[in-house]
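Attaching a predicted model along with its sequence, questions to come.
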Amino acid sequence: EYVDSMVVDLMILSRAETTWKQYAAWFGVFEEYCDILQVNLRTATLEQLSGVLLRSVGSLLGDGKVYKTGEGYAPKTLELYVTAVVSTLIDIGRGNVREGGAINRIMEGIKRISGSAVSKKMAVEGKHVAAWLNMRAPANDKNAWTGPLSVLQWQQFVAIAVLAWSC
């Protein structure tokens with residue numbers, strides 16, 4: 001019993017807490033696809049689970065022109081989804097849906113049609129900073145901007161946003 005507990009603890013420690021959370025969220029997406037495609041996750045064959053994964057990746061890709069139209073998920077995001085599903089299925093003892101190679105080939109195809117470069121947007125862009133600088137402080141709404149110093153709260157917010165953006 002002690003050894004079994006230790007094994008579970010080591011398995012949990014194998015990934016960071018944020019990784020476990022991401023995997024759980026993405027595996028929830030996979031479970032939804034299983035429901036949609038009427039595949040019972042507990043009794044499905046490895047081939048059926050692989051089919052759900054392939055179809056879900058195709059669906060999440062959108063129109064296949066990820067960087068040209070902005071629709072669908074980026075290849076790196078889809079890779080995270082696939083890794084989360086594959087790892088979770090292995091962890092729960094359902095097998096490795098990557099063994100057949102089809103998922104690897106589809107991921108390579110996605111990388112080819114969308115390009116391998118990742119274009120990340122900054123959380124705050126120059127246009128946002130410019131808009132904040134040109135805005136007046138919100139009126140004292142007795143909720144977020146309160147008290148006689150609400151204008152200073154606004155100025156402090158803008159100053160911190162500008163400083164963070166410049167860094």
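Perfect, thanks for sending it. Numbers count the residues shown, from 1 in each chain.

pLDDT-wise, which helix or strand of the protein ranks last?
helix 66-69 (a mean of 48; mean pLDDT, DSSP states H and E).

Which SSE is immediately downstream of that helix?
Later in the chain than helix 66-69, the nearest helix or strand by DSSP states H and E is helix 75-91.

Rounded mean pLDDT for that following helix, please.
Taken as a whole, helix 75-91 has an average pLDDT of 90.

list the buried ones in that helix?
Buried residues in helix 75-91, counted by 16 or more other Cβ atoms under 10 Å: 75, 78, 80-89. Glycine gets a C-beta too; all of them are placed from N, C-alpha and C.

Run the chain-centre distance for the next helix-or-strand element following it.
Using DSSP H and E, the helix or strand that follows helix 75-91 towards the C-terminus is helix 102-114. Distance of helix 102-114 from its chain centroid, counting by Cα atoms, centre = their mean, to the nearest Å, is 18 Å.

likewise stretch 46-62?
17 Å.

what do you get for stretch 30-43?
Centroid separation for stretch 30-43 versus its chain: 20 Å, with Cα atoms, centre = their mean.

quick one: terminal-to-terminal distance for it?
15 Å (Cα to Cα, to the nearest Å).

Only the buried residues of that stretch, if you could.
30, 33-34, 39, 41.

next one: the longest helix belonging to the chain to chain centre, how far?
Using DSSP state H, we find that the single longest helix of the chain is helix 17-36. Mean-position distance between helix 17-36 and its chain equals 10 Å (Cα atoms, centre = their mean).

Check the average confidence over the next helix-or-strand element following it, would you?
Toward the C-terminus, helix 17-36 is succeeded by helix 46-61 as the next helix or strand (DSSP H and E). For helix 46-61, the mean pLDDT works out to 91.

Buried ones in helix 46-61, by neighbour count?
Quick answer for helix 46-61 (16+ other Cβ under 10 Å): 48-54, 56-57, 60-61.

Pull up the gap between the residue nearest to the spatial centre of the chain and Val29, please.
With distances taken as Cα atoms, centre = their mean, Thr77 lies nearest the centre of the chain, 5.9 Å away. As judged by Cβ to Cβ, to the nearest Å, Thr77 and Val29 stand 11 Å apart.
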